[in-house]
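Novice: I would like the atomic coordinates for the input below:
(chains A and B)
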Amino acid sequence: MAAQAVTPQSVDFSKWYNEIVYRADLAAQSPVRGCIIIKPYGYELWDAIKNGLDRRFKATGHRNAYFPLFIPESYIKREAQHVEGFSPELAVVTIAGGKELEEPLIVRPTSETIIGEAFAQWIQSYRDLPLLINQWSNVVRWELRTRPFLRTAEFLWQEGHTAHATHDDAEAETLQMLDVYADMAINDAAIPVIKGRKSEQEKFAGALRSYTIEAMMGDKKALQSGTSHNLGQNFATAFDIKYLDVNNEQQICWTTSWGLSTRFVGAVVMAHGDDTGLRLPPRLAPIQVVMVPIYRDEDGERVVMEAVSRLQAALLDAGIRLHVDTRDERPGFKFNDWEMRGVPVRIEIGPKDVANNTVVLARRDMPGKAGKQFVSQDGIVEAVKTLLGDIHDNMLEQATQFRDANIHEVEGDYNRFREIVADSWAYTWFCGDAECEKKIQEDNQAVSRCFPLEQDAGEGPCIVCKGTAKERALFAKAY
RNA sequence: CGGGGUGUAGCGCAGCCCGGUAGCGCGCACCGUUCGGGUCGGUGAGGUCCCGGGUUCAAAUCCCGGCACCCCGACCA
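Specialist: Okay, the predicted model is just below:
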């Protein structure tokens, strides 16, 4: 039989990624350039991400709403930086119902403008603030170069939009939502992310400040996995979002927006996957446990399936997402198949196990024999629950160690800096100047990722111009 | 948007140079065999050879034009 292994990460990470996405059944190619079909398994993964976020959004007082897909062209043009940032990648509808439209409609690349217009009508008084809205939607950005999940012409996401009375309120909201993203990434996806502020060059078109959670992928490239923006009064001014304060004076609102997209599915794949396939974090895995019955004749089948039904009922009762693989395939095939799909735990059960009242528990995060253990059927639910927790912890630990081993601090030595960013992340003093950033980008393929929020105070020489820098930044090659 | 590549069965490809009945592997269906780490054998279904035009008795193959997708760079969640 032909080898069915994927291209190893070490040979060609990019190729590995593409193969995994299709072979693990996350997505399929679509007839439309730059778009993908998200298949059920991939969508279930997105659903899990989505549910984790939605729960957190609601817990912090946000409400979901839905705004139109089509945005009048004039709206996009109201905020100068915004239009400049987005115009190259807009899809525009000029004909509808067989007639040329009086005003072209933009297929939303993001909804600040149309939501801003609505906010202007909804907000009259300081009593209406803060206004905390979230939308789950699709957006379109006509990217020239696309990759499944990481950058597609159409993608799914959520975009939060809020309005506040003061700059500080808006800033608190922006940072709170960044925390929400980080919490989901770490506790649901087992991806250790670094919270930071984007440089002036890298911030959102029209924002006062942009924040990001940055994650390190298996090839050591950085992936911006979620962003949160303090929009200041830029959009509020452009869209007349005003309120009367306690003194009956007109004030301009402060707004925020924050988004996390199906790109995060790509983050899960690239942060955890290995040469055997996907490795899904237990809390997001659509299937947490797969049970593979093993037998060689009808007697064996009867006795094994009886035990399978019993264990299945117990595990499903406990709320574990379980799948029993009864396909007419050899066990070895099934093992490999589910490993490709990243299922965290596999239960093998055969006649010998039934005789011994045991099962084999195999964990995806530890390959081969090392990850296998015999456990008693009696304590199966607890054993599985504990194991799922252990796997999450271990995956987070592995990813954290990998990340920390590949971030190197450097001070003042530009040559050393260049060596570092060639292969990993550099952490260094950076003045934030556009010219300095440009030089780094031109000399290396790396760009600034963020000024990490958690760093010791102090100052040092900017890695490029040697001028006094008050913050350190992370630099890396990025997706 | 620049550079390269590829369009032939669901997927991966050969055939094209040198025109002559469209093939291989995997997958799929059925039968048997096997089943604790990617079984083996048999039978079978499945094709606008990317599209349009041209040359020719005859085009997957040669010529002209178009389209699509993929990969690599610059730009971006």
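
Novice: who in the stretch 51-200 of chain A is up against RNA strand B?
Specialist: Counting by C-beta under 7 Å from any atom of the strand, the residues of the stretch 51-200 of chain A close to RNA strand B are A:88-89, A:141, A:143-147, A:150-153, A:155. Heads up, the C-betas are built off the backbone N, CA and C, glycines and all.

Novice: Just the buried ones from these?
Specialist: Buried members of these, counted by 16 or more other C-beta atoms under 10 Å: A:R141, A:E143, A:T146, A:R147, A:L150, A:R151, A:T152, A:A153, A:F155.

Novice: my read: the third one touches A:V32, true?
Specialist: No: counting by C-beta atoms under 8 Å, no contact exists between A:T146 and A:V32, whose distance comes to 10.5 Å.

Novice: so which residue of the stretch 1-150 of chain A comes closest to RNA strand B?
Specialist: The stretch 1-150 of chain A approaches RNA strand B most closely through A:R33 (2.2 Å), counting by C-beta to the nearest atom of the strand.

Novice: list the contacts for that residue?
Specialist: By C-beta atoms under 8 Å, 6 or more residues apart in numbering, the residues touching A:R33 are A:T146, A:A153.

Novice: and what of A:A205?
Specialist: Shown in contact with A:A205 (C-beta under 8 Å, 6+ apart): A:Q81, A:H82, A:E84, A:G85, A:F86.

Novice: Which neighbours do A:T146 and A:V32 have in common?
Specialist: Residues touching both A:T146 and A:V32 (C-beta under 8 Å, 6+ apart) are A:A153.

Novice: Just give the nearest non-adjacent residue to A:R341, would you?
Specialist: Distances taken as C-beta to C-beta, 6 or more residues apart in numbering place A:A24 nearest to A:R341, at 5.0 Å, with adjacent residues excluded.

Novice: what's around the one you found, how many residues?
Specialist: Using other C-beta atoms under 10 Å, A:A24 has 23 other residues around it.

Novice: what's the answer for A:T358, then?
Specialist: Here the number of neighbours of A:T358 (other C-beta under 10 Å) works out to 17.

Novice: Reformat the buried ones among the residues of the stretch 51-200 of chain A next to RNA strand B as CSV; add pLDDT, distance to A:T237 and secondary structure.
Specialist: Formatted as CSV, those follow (pLDDT from 0 to 100; distance: C-beta to C-beta, whole Å; DSSP: H, G, I helix; E, B strand; the rest coil):
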residue, pLDDT, distance to A:T237, secondary structure
A:R141, 90, 25, coil
A:E143, 84, 29, coil
A:T146, 84, 34, coil
A:R147, 87, 36, strand
A:L150, 91, 34, coil
A:R151, 89, 31, strand
A:T152, 88, 33, coil
A:A153, 88, 31, coil
A:F155, 91, 29, strand
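
Novice: quick one: which of the residues you listed is nearest A:E454?
Specialist: A:L150 (26.4 Å; C-beta to C-beta).

Novice: pLDDT weak spots in chain A?
Specialist: A:1-4 (pLDDT under 70).

Novice: domain ranges for it?
Specialist: Listed domain ranges for chain A are A:13-272, A:289-386, A:407-476 (source: automatic domain parsing).

Novice: How about the second one and RNA strand B, any contact?
Specialist: Spelled out, that is domain A:289-386. Yes: using C-beta under 7 Å from any atom of the strand, domain A:289-386 reaches RNA strand B at A:294-297, A:328-333, A:335-337, A:339-340, A:348-353, A:359-360, A:362, A:368, A:372.
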